[in-house]
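[1] Structure, please.
(one chain, ligands or ions: 1)
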Amino acid sequence: MIPIARPDVGAEEIAAVTEVLSSGMIAQGARVAELEGRWADYVGVPHAIAVGNGTLALMAIFGGLGLGPGDEVITVAHTFAATANAILSTGATPVFVDIEPDTYLIDAARIEAAITPRTRAICPVHLFGLVADMDMIQAIADRHGLAVVEDACQAHGATFRDRPAGSFGHGAFSLYATKNMTTAEGGLITTHDDRLADWLRLYRNQGMRSRYAFEILGYNYRLTDLAAAMGLAQLEKLERNTARRCRIAAVYDEEFRDLPVRPPVVPDGRTHVFHQYTLDVGPRRDAILADIRAAGVGAEVYYPLPVHRQPYILERGLHAELPITDEVAARTLSVPVYPGLTDDEQAIVVEAVRAAVLAHAGDEAPVGAERADSLPASAVDPGVPSNPGAGAIAR
Ligand SMILES: Cc1ncc(COP(=O)(O)O)c(C=O)c1O
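    Residues are numbered from 1 along each chain as shown. The predicted structure is shown next:
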(Lines give C-alpha, C1' and ligand atoms only; values in the text may rest on other atoms or scores of the structure.)
Protein backbone atom coordinates (compact mmCIF):
# COMPACT_ATOMS: atom_id res chain seq x y z
CA MET A 1 0.00 0.00 0.00
CA ILE A 2 1.31 3.46 -0.87
CA PRO A 3 0.62 5.36 2.36
CA ILE A 4 -1.17 8.71 2.55
CA ALA A 5 1.81 10.22 4.37
CA ARG A 6 5.42 9.32 5.07
CA PRO A 7 7.74 11.55 7.11
CA ASP A 8 10.96 12.62 5.39
CA VAL A 9 13.38 11.58 8.14
CA GLY A 10 16.97 10.71 7.30
CA ALA A 11 20.61 11.11 8.22
CA GLU A 12 20.26 14.82 9.10
CA GLU A 13 17.60 14.19 11.74
CA ILE A 14 19.40 11.14 13.12
CA ALA A 15 22.65 13.12 13.47
CA ALA A 16 20.89 16.09 15.09
CA VAL A 17 19.00 13.95 17.60
CA THR A 18 22.07 11.83 18.35
CA GLU A 19 24.06 14.95 19.14
CA VAL A 20 21.44 16.06 21.67
CA LEU A 21 21.26 12.56 23.19
CA SER A 22 25.04 12.54 23.61
CA SER A 23 25.05 16.00 25.18
CA GLY A 24 23.04 14.85 28.18
CA MET A 25 20.80 17.96 27.86
CA ILE A 26 17.68 16.43 26.36
CA ALA A 27 14.71 18.43 27.71
CA GLN A 28 13.86 22.06 26.79
CA GLY A 29 17.11 24.00 26.29
CA ALA A 30 19.33 25.51 23.64
CA ARG A 31 17.85 23.61 20.67
CA VAL A 32 14.32 24.72 21.54
CA ALA A 33 15.50 28.35 21.73
CA GLU A 34 17.28 27.95 18.39
CA LEU A 35 14.20 26.46 16.71
CA GLU A 36 12.06 29.30 18.10
CA GLY A 37 14.45 31.91 16.71
CA ARG A 38 14.66 30.25 13.32
CA TRP A 39 10.88 29.80 13.09
CA ALA A 40 10.19 33.40 14.09
CA ASP A 41 12.58 34.56 11.33
CA TYR A 42 11.01 32.18 8.82
CA VAL A 43 7.47 33.38 9.53
CA GLY A 44 8.58 37.00 9.93
CA VAL A 45 7.33 37.62 13.47
CA PRO A 46 9.16 38.75 16.59
CA HIS A 47 8.18 35.71 18.67
CA ALA A 48 7.91 31.96 18.25
CA ILE A 49 7.18 29.75 21.25
CA ALA A 50 7.63 25.99 21.02
CA VAL A 51 5.15 23.69 22.75
CA GLY A 52 4.39 19.98 22.94
CA ASN A 53 1.96 19.81 19.99
CA GLY A 54 -0.40 21.84 17.82
CA THR A 55 -3.38 21.31 20.10
CA LEU A 56 -1.44 22.80 23.01
CA ALA A 57 -0.39 25.69 20.75
CA LEU A 58 -4.04 26.52 20.11
CA MET A 59 -5.04 25.96 23.75
CA ALA A 60 -2.25 28.22 24.98
CA ILE A 61 -3.15 31.02 22.56
CA PHE A 62 -6.84 30.92 23.47
CA GLY A 63 -5.89 30.78 27.15
CA GLY A 64 -3.52 33.69 26.72
CA LEU A 65 -6.25 35.76 25.09
CA GLY A 66 -8.20 35.26 28.31
CA LEU A 67 -11.11 33.40 26.77
CA GLY A 68 -13.61 31.87 29.12
CA PRO A 69 -17.24 30.82 29.51
CA GLY A 70 -19.59 33.11 27.61
CA ASP A 71 -17.01 34.03 24.97
CA GLU A 72 -17.37 32.92 21.36
CA VAL A 73 -14.80 32.15 18.68
CA ILE A 74 -15.82 31.98 15.02
CA THR A 75 -14.26 29.05 13.19
CA VAL A 76 -15.05 26.18 10.82
CA ALA A 77 -16.30 22.62 11.26
CA HIS A 78 -14.36 21.36 8.24
CA THR A 79 -11.18 20.82 10.24
CA PHE A 80 -9.43 18.48 12.61
CA ALA A 81 -11.41 18.54 15.86
CA ALA A 82 -8.49 20.06 17.80
CA THR A 83 -9.43 23.51 16.47
CA ALA A 84 -12.81 23.45 18.19
CA ASN A 85 -11.56 21.48 21.17
CA ALA A 86 -8.93 24.09 21.98
CA ILE A 87 -11.66 26.74 22.06
CA LEU A 88 -13.81 24.50 24.29
CA SER A 89 -10.85 23.90 26.63
CA THR A 90 -11.12 27.50 27.82
CA GLY A 91 -14.88 27.25 28.45
CA ALA A 92 -15.55 29.41 25.37
CA THR A 93 -17.86 28.37 22.52
CA PRO A 94 -16.88 27.60 18.93
CA VAL A 95 -19.32 29.21 16.47
CA PHE A 96 -19.12 27.39 13.17
CA VAL A 97 -19.51 29.14 9.83
CA ASP A 98 -19.57 27.47 6.46
CA ILE A 99 -16.68 27.14 4.02
CA GLU A 100 -16.09 28.10 0.41
CA PRO A 101 -17.01 25.20 -1.90
CA ASP A 102 -13.81 25.44 -3.95
CA THR A 103 -11.01 26.24 -1.47
CA TYR A 104 -12.64 24.41 1.49
CA LEU A 105 -11.57 27.35 3.70
CA ILE A 106 -13.69 29.59 5.94
CA ASP A 107 -16.07 31.68 3.84
CA ALA A 108 -15.07 35.11 5.08
CA ALA A 109 -18.24 36.61 3.62
CA ARG A 110 -20.23 34.67 6.25
CA ILE A 111 -18.24 35.78 9.27
CA GLU A 112 -19.94 39.08 10.07
CA ALA A 113 -23.39 37.48 10.28
CA ALA A 114 -22.05 35.20 13.02
CA ILE A 115 -20.56 37.98 15.17
CA THR A 116 -22.38 38.66 18.46
CA PRO A 117 -21.49 40.84 21.46
CA ARG A 118 -19.78 37.72 22.88
CA THR A 119 -17.45 37.15 19.92
CA ARG A 120 -13.80 37.51 20.92
CA ALA A 121 -11.82 35.97 18.07
CA ILE A 122 -11.87 34.57 14.54
CA CYS A 123 -9.98 31.33 13.99
CA PRO A 124 -9.48 30.54 10.30
CA VAL A 125 -7.97 27.14 9.53
CA HIS A 126 -5.44 27.14 6.69
CA LEU A 127 -6.57 23.66 5.72
CA PHE A 128 -4.53 21.33 3.51
CA GLY A 129 -1.78 23.98 3.10
CA LEU A 130 -3.73 26.96 1.72
CA VAL A 131 -4.12 30.24 3.63
CA ALA A 132 -7.66 31.59 4.14
CA ASP A 133 -8.66 35.03 2.82
CA MET A 134 -6.65 37.03 5.33
CA ASP A 135 -7.47 40.40 3.69
CA MET A 136 -11.15 39.99 4.51
CA ILE A 137 -10.62 38.26 7.84
CA GLN A 138 -8.20 40.91 9.08
CA ALA A 139 -10.52 43.70 7.95
CA ILE A 140 -13.48 42.16 9.78
CA ALA A 141 -11.40 41.54 12.90
CA ASP A 142 -10.16 45.15 12.89
CA ARG A 143 -13.68 46.49 12.37
CA HIS A 144 -15.04 44.53 15.32
CA GLY A 145 -12.01 44.56 17.61
CA LEU A 146 -11.50 40.78 17.43
CA ALA A 147 -8.34 38.70 17.78
CA VAL A 148 -7.26 36.51 14.86
CA VAL A 149 -5.94 33.06 15.71
CA GLU A 150 -4.64 31.23 12.66
CA ASP A 151 -4.82 27.45 12.83
CA ALA A 152 -1.76 27.02 10.62
CA CYS A 153 -1.17 23.43 11.74
CA GLN A 154 -1.21 22.27 8.10
CA ALA A 155 0.30 25.34 6.44
CA HIS A 156 4.04 25.63 7.13
CA GLY A 157 5.39 28.17 4.66
CA ALA A 158 2.12 28.79 2.78
CA THR A 159 1.69 32.45 1.84
CA PHE A 160 -1.05 35.02 1.24
CA ARG A 161 0.16 38.10 -0.67
CA ASP A 162 3.74 37.04 0.12
CA ARG A 163 3.10 36.88 3.87
CA PRO A 164 3.51 33.47 5.52
CA ALA A 165 0.78 31.66 7.42
CA GLY A 166 1.04 32.54 11.09
CA SER A 167 2.22 36.12 10.47
CA PHE A 168 -1.22 37.77 10.39
CA GLY A 169 -2.66 37.06 13.84
CA HIS A 170 -1.42 34.59 16.43
CA GLY A 171 -0.39 31.39 14.64
CA ALA A 172 -0.52 27.76 15.78
CA PHE A 173 1.56 25.13 13.94
CA SER A 174 1.64 21.36 14.45
CA LEU A 175 4.83 19.35 14.09
CA TYR A 176 3.02 15.99 14.15
CA ALA A 177 4.54 13.09 12.21
CA THR A 178 2.46 13.60 9.05
CA LYS A 179 2.90 17.37 8.83
CA ASN A 180 5.05 19.19 6.22
CA MET A 181 7.64 19.68 8.96
CA THR A 182 7.75 17.29 11.90
CA THR A 183 9.30 16.54 15.27
CA ALA A 184 7.07 13.43 15.70
CA GLU A 185 4.98 15.47 18.16
CA GLY A 186 5.48 19.19 18.58
CA GLY A 187 4.00 22.63 18.10
CA LEU A 188 4.99 26.24 17.47
CA ILE A 189 3.18 29.47 18.26
CA THR A 190 3.90 32.70 16.38
CA THR A 191 2.88 36.16 17.50
CA HIS A 192 3.71 39.86 17.19
CA ASP A 193 2.40 40.50 20.70
CA ASP A 194 5.23 40.94 23.24
CA ARG A 195 2.97 40.55 26.28
CA LEU A 196 1.26 37.44 24.96
CA ALA A 197 4.65 35.93 24.08
CA ASP A 198 5.92 36.55 27.59
CA TRP A 199 2.76 35.05 29.09
CA LEU A 200 3.01 31.99 26.78
CA ARG A 201 6.62 31.34 27.79
CA LEU A 202 5.60 31.36 31.44
CA TYR A 203 2.42 29.35 30.87
CA ARG A 204 4.19 26.51 29.05
CA ASN A 205 6.71 26.21 31.88
CA GLN A 206 4.50 25.90 35.00
CA GLY A 207 4.25 29.69 35.26
CA MET A 208 7.92 29.93 36.29
CA ARG A 209 10.13 32.82 35.23
CA SER A 210 12.87 31.66 37.55
CA ARG A 211 13.11 28.35 39.34
CA TYR A 212 10.21 27.70 41.76
CA ALA A 213 8.89 31.25 41.45
CA PHE A 214 5.41 30.53 40.06
CA GLU A 215 4.27 33.86 38.64
CA ILE A 216 1.06 32.69 36.95
CA LEU A 217 -0.98 29.49 36.82
CA GLY A 218 0.91 27.49 34.23
CA TYR A 219 1.43 23.92 33.09
CA ASN A 220 4.02 21.79 31.32
CA TYR A 221 3.50 22.41 27.58
CA ARG A 222 7.23 22.19 26.78
CA LEU A 223 8.96 20.76 23.74
CA THR A 224 12.20 18.79 24.20
CA ASP A 225 15.61 19.58 22.73
CA LEU A 226 15.46 16.14 21.12
CA ALA A 227 12.38 17.20 19.20
CA ALA A 228 13.71 20.69 18.48
CA ALA A 229 16.93 19.26 17.01
CA MET A 230 14.81 17.20 14.64
CA GLY A 231 12.73 20.30 13.88
CA LEU A 232 15.82 22.30 12.95
CA ALA A 233 16.86 19.58 10.50
CA GLN A 234 13.33 19.54 9.10
CA LEU A 235 13.28 23.31 8.70
CA GLU A 236 16.44 23.06 6.59
CA LYS A 237 14.50 20.85 4.18
CA LEU A 238 11.16 22.64 4.29
CA GLU A 239 11.55 24.75 1.13
CA ARG A 240 12.88 21.81 -0.87
CA ASN A 241 10.14 19.51 0.39
CA THR A 242 7.44 22.09 -0.31
CA ALA A 243 8.75 22.48 -3.86
CA ARG A 244 8.55 18.70 -4.30
CA ARG A 245 4.97 18.65 -2.97
CA CYS A 246 4.08 21.39 -5.48
CA ARG A 247 5.66 19.43 -8.35
CA ILE A 248 3.70 16.30 -7.40
CA ALA A 249 0.51 18.39 -7.23
CA ALA A 250 1.20 19.89 -10.67
CA VAL A 251 1.54 16.39 -12.16
CA TYR A 252 -1.76 15.34 -10.58
CA ASP A 253 -3.44 18.50 -11.95
CA GLU A 254 -2.28 17.61 -15.43
CA GLU A 255 -3.12 13.90 -15.20
CA PHE A 256 -6.62 14.53 -13.83
CA ARG A 257 -7.44 17.39 -16.20
CA ASP A 258 -9.78 15.33 -18.38
CA LEU A 259 -11.55 13.58 -15.49
CA PRO A 260 -14.89 14.67 -13.98
CA VAL A 261 -13.16 15.76 -10.76
CA ARG A 262 -12.11 19.10 -9.33
CA PRO A 263 -8.46 19.40 -8.30
CA PRO A 264 -7.32 21.86 -5.59
CA VAL A 265 -8.01 25.52 -6.29
CA VAL A 266 -5.27 28.09 -5.58
CA PRO A 267 -6.64 31.65 -5.69
CA ASP A 268 -4.41 34.42 -7.05
CA GLY A 269 -1.99 35.85 -4.53
CA ARG A 270 -1.60 32.63 -2.53
CA THR A 271 0.89 29.78 -2.51
CA HIS A 272 -0.29 26.29 -1.56
CA VAL A 273 2.08 23.98 0.32
CA PHE A 274 0.00 20.85 -0.39
CA HIS A 275 -0.13 19.28 3.01
CA GLN A 276 -2.93 17.38 1.28
CA TYR A 277 -3.87 17.06 -2.36
CA THR A 278 -7.65 16.90 -2.22
CA LEU A 279 -10.03 16.15 -5.07
CA ASP A 280 -13.77 16.69 -5.31
CA VAL A 281 -14.80 13.44 -7.01
CA GLY A 282 -18.55 13.89 -6.64
CA PRO A 283 -21.24 12.03 -4.73
CA ARG A 284 -19.88 8.56 -5.65
CA ARG A 285 -16.86 9.33 -3.46
CA ASP A 286 -17.13 6.28 -1.22
CA ALA A 287 -17.20 3.84 -4.15
CA ILE A 288 -14.28 5.66 -5.82
CA LEU A 289 -12.33 5.66 -2.54
CA ALA A 290 -12.87 1.91 -2.12
CA ASP A 291 -11.56 1.25 -5.64
CA ILE A 292 -8.49 3.44 -5.12
CA ARG A 293 -7.68 1.62 -1.89
CA ALA A 294 -8.22 -1.75 -3.53
CA ALA A 295 -5.57 -0.70 -6.06
CA GLY A 296 -3.06 -0.32 -3.22
CA VAL A 297 -3.20 3.44 -2.74
CA GLY A 298 -3.81 4.88 0.72
CA ALA A 299 -6.33 7.58 -0.13
CA GLU A 300 -8.09 9.21 2.86
CA VAL A 301 -11.04 11.44 3.62
CA TYR A 302 -10.34 14.64 5.55
CA TYR A 303 -12.78 14.80 7.30
CA PRO A 304 -15.66 12.35 6.87
CA LEU A 305 -17.81 13.61 9.78
CA PRO A 306 -17.39 17.36 10.22
CA VAL A 307 -16.90 18.70 13.73
CA HIS A 308 -20.43 20.18 13.96
CA ARG A 309 -21.85 16.64 13.61
CA GLN A 310 -19.62 14.97 16.20
CA PRO A 311 -21.56 13.64 19.20
CA TYR A 312 -19.80 15.68 21.88
CA ILE A 313 -20.51 18.87 19.92
CA LEU A 314 -24.18 17.98 19.52
CA GLU A 315 -24.39 17.16 23.24
CA ARG A 316 -23.27 20.73 23.90
CA GLY A 317 -26.02 22.14 21.70
CA LEU A 318 -23.54 23.51 19.19
CA HIS A 319 -25.13 22.22 16.00
CA ALA A 320 -24.92 24.48 12.95
CA GLU A 321 -26.45 24.42 9.46
CA LEU A 322 -23.40 24.04 7.20
CA PRO A 323 -24.55 22.61 3.86
CA ILE A 324 -21.29 23.25 2.03
CA THR A 325 -19.24 21.66 4.80
CA ASP A 326 -21.53 18.62 4.67
CA GLU A 327 -21.25 18.39 0.92
CA VAL A 328 -17.47 18.73 0.86
CA ALA A 329 -17.21 16.06 3.56
CA ALA A 330 -19.22 13.74 1.32
CA ARG A 331 -17.49 14.44 -2.00
CA THR A 332 -13.75 14.84 -1.38
CA LEU A 333 -10.78 12.54 -0.91
CA SER A 334 -7.03 13.07 -0.60
CA VAL A 335 -4.22 11.17 -2.30
CA PRO A 336 -0.52 10.85 -1.36
CA VAL A 337 1.51 14.04 -1.94
CA TYR A 338 4.46 13.66 0.45
CA PRO A 339 7.92 14.61 -0.86
CA GLY A 340 9.26 11.04 -0.75
CA LEU A 341 6.59 9.79 -3.17
CA THR A 342 8.52 8.48 -6.15
CA ASP A 343 7.53 9.11 -9.75
CA ASP A 344 6.73 5.40 -10.10
CA GLU A 345 4.50 5.51 -7.03
CA GLN A 346 2.78 8.63 -8.33
CA ALA A 347 2.10 6.84 -11.62
CA ILE A 348 0.36 4.08 -9.63
CA VAL A 349 -1.74 6.67 -7.77
CA VAL A 350 -2.67 8.39 -11.03
CA GLU A 351 -3.74 5.11 -12.60
CA ALA A 352 -5.74 4.08 -9.54
CA VAL A 353 -7.60 7.41 -9.41
CA ARG A 354 -8.27 7.49 -13.15
CA ALA A 355 -9.60 3.92 -13.19
CA ALA A 356 -11.78 4.45 -10.12
CA VAL A 357 -13.23 7.76 -11.30
CA LEU A 358 -13.91 6.49 -14.82
CA ALA A 359 -15.48 3.29 -13.47
CA HIS A 360 -18.06 5.40 -11.65
CA ALA A 361 -18.40 8.21 -14.20
CA GLY A 362 -21.93 8.44 -15.47
CA ASP A 363 -23.33 7.36 -12.09
CA GLU A 364 -23.93 11.04 -11.37
CA ALA A 365 -24.08 14.61 -12.55
CA PRO A 366 -20.60 15.98 -13.31
CA VAL A 367 -18.67 17.91 -10.68
CA GLY A 368 -19.80 21.52 -10.67
CA ALA A 369 -23.40 20.65 -11.65
CA GLU A 370 -26.26 21.60 -9.32
CA ARG A 371 -24.76 20.58 -6.01
CA ALA A 372 -27.63 20.95 -3.59
CA ASP A 373 -29.40 18.05 -5.30
CA SER A 374 -26.39 15.79 -5.02
CA LEU A 375 -25.96 15.99 -1.27
CA PRO A 376 -26.22 12.40 -0.03
CA ALA A 377 -28.87 11.77 2.59
CA SER A 378 -26.16 10.36 4.86
CA ALA A 379 -24.58 13.81 5.12
CA VAL A 380 -27.64 15.23 6.84
CA ASP A 381 -29.06 13.98 10.11
CA PRO A 382 -32.69 15.04 10.13
CA GLY A 383 -32.93 14.26 13.82
CA VAL A 384 -30.60 17.08 14.74
CA PRO A 385 -32.14 20.42 15.70
CA SER A 386 -30.64 23.30 13.78
CA ASN A 387 -30.60 27.04 13.38
CA PRO A 388 -31.13 27.56 9.68
CA GLY A 389 -30.96 31.35 9.84
CA ALA A 390 -27.60 32.26 11.25
CA GLY A 391 -25.35 29.60 9.82
CA ALA A 392 -23.93 29.60 13.31
CA ILE A 393 -24.72 27.81 16.52
CA ALA A 394 -28.13 26.94 17.91
CA ARG A 395 -28.44 26.72 21.66
C1 LIG B 1 -6.03 21.75 11.40
C2 LIG B 1 -5.36 21.17 12.61
N3 LIG B 1 -5.52 21.77 13.80
C4 LIG B 1 -4.93 21.29 14.90
C5 LIG B 1 -4.14 20.15 14.88
C6 LIG B 1 -3.56 19.62 16.15
O7 LIG B 1 -2.18 19.44 16.08
P8 LIG B 1 -1.49 18.25 16.93
O9 LIG B 1 -1.90 16.96 16.33
O10 LIG B 1 -0.04 18.54 16.79
O11 LIG B 1 -1.95 18.41 18.34
C12 LIG B 1 -3.93 19.51 13.66
C13 LIG B 1 -3.06 18.32 13.57
O14 LIG B 1 -3.39 17.23 13.47
C15 LIG B 1 -4.58 20.01 12.50
O16 LIG B 1 -4.44 19.39 11.32
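
[2] Compute the number of surrounding residues for residue 118.
    The number of residues packed around residue 118, counting by other C-beta atoms under 10 Å, is 12. Every residue, glycine included, has its C-beta placed from N, CA and C.

[3] List the residues that contact it.
    70, 71, 72, 93 (C-beta atoms under 8 Å, 6 or more residues apart in numbering).

[4] just checking, the last one touches residue 313?
    No: using C-beta atoms under 8 Å, residue 93 is not in contact with residue 313; the gap is 10.5 Å.

[5] Does stretch 113-126 reach the ligand?
    Yes: using C-beta under 6 Å from any ligand atom, we find that stretch 113-126 touches the ligand at residue 125.

[6] Next, the buried residues of that stretch.
    Applying a neighbour-count criterion of 16 or more other C-beta atoms under 10 Å, one finds 114, 115, 119, 120, 121, 122, 123, 124, 125, 126 buried in stretch 113-126.

[7] Now pLDDT and secondary structure too, for the residues you listed, in TSV please.
    Written out in TSV, the entries for the buried residues of stretch 113-126 read as follows (pLDDT from 0 to 100; DSSP: H, G, I helix; E, B strand; the rest coil):
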residue	pLDDT	secondary structure
114	98	helix
115	98	coil
119	98	strand
120	98	strand
121	99	strand
122	99	strand
123	99	coil
124	99	coil
125	99	strand
126	98	coil
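
[8] picking that back up, are any of the contacts of residue 118 buried, and which?
    Taking 16+ other C-beta under 10 Å as the criterion, what is buried in the contacts of residue 118 is 71, 72, 93.

[9] and which of those is nearest residue 232?
    Nearest to residue 232 among these, counting by C-beta to C-beta, is residue 71 at 36.4 Å.

[10] From what I see, the closest one and residue 88 are in contact.
    No: contact between residue 71 and residue 88 fails when scored by C-beta under 8 Å: they sit 11.2 Å apart.

[11] and this structure, which residues reach the ligand?
    Applying the criterion C-beta under 6 Å from any ligand atom, the portion of the chain that neighbours the ligand consists of 53-55, 79-80, 82-83, 125, 151, 153-154, 174, 176, 187.

[12] what's residue 295 in contact with, if anything?
    348, 351, 352, 355, 356.

[13] repeat that with 7 Å
    With contacts defined as C-beta atoms under 7 Å, 6 or more residues apart in numbering, residue 295 is in contact with 352, 355.

[14] helices and strands around the longest helix along the chain, which ones?
    In terms of residue count, the longest helix belonging to the chain (DSSP state H) is helix 225-255. Where contact means 3 or more C-beta pairs under 7 Å, 6 or more residues apart in numbering; DSSP states H and E, helix 225-255 is packed against helix 11-23, helix 30-43, helix 343-360.
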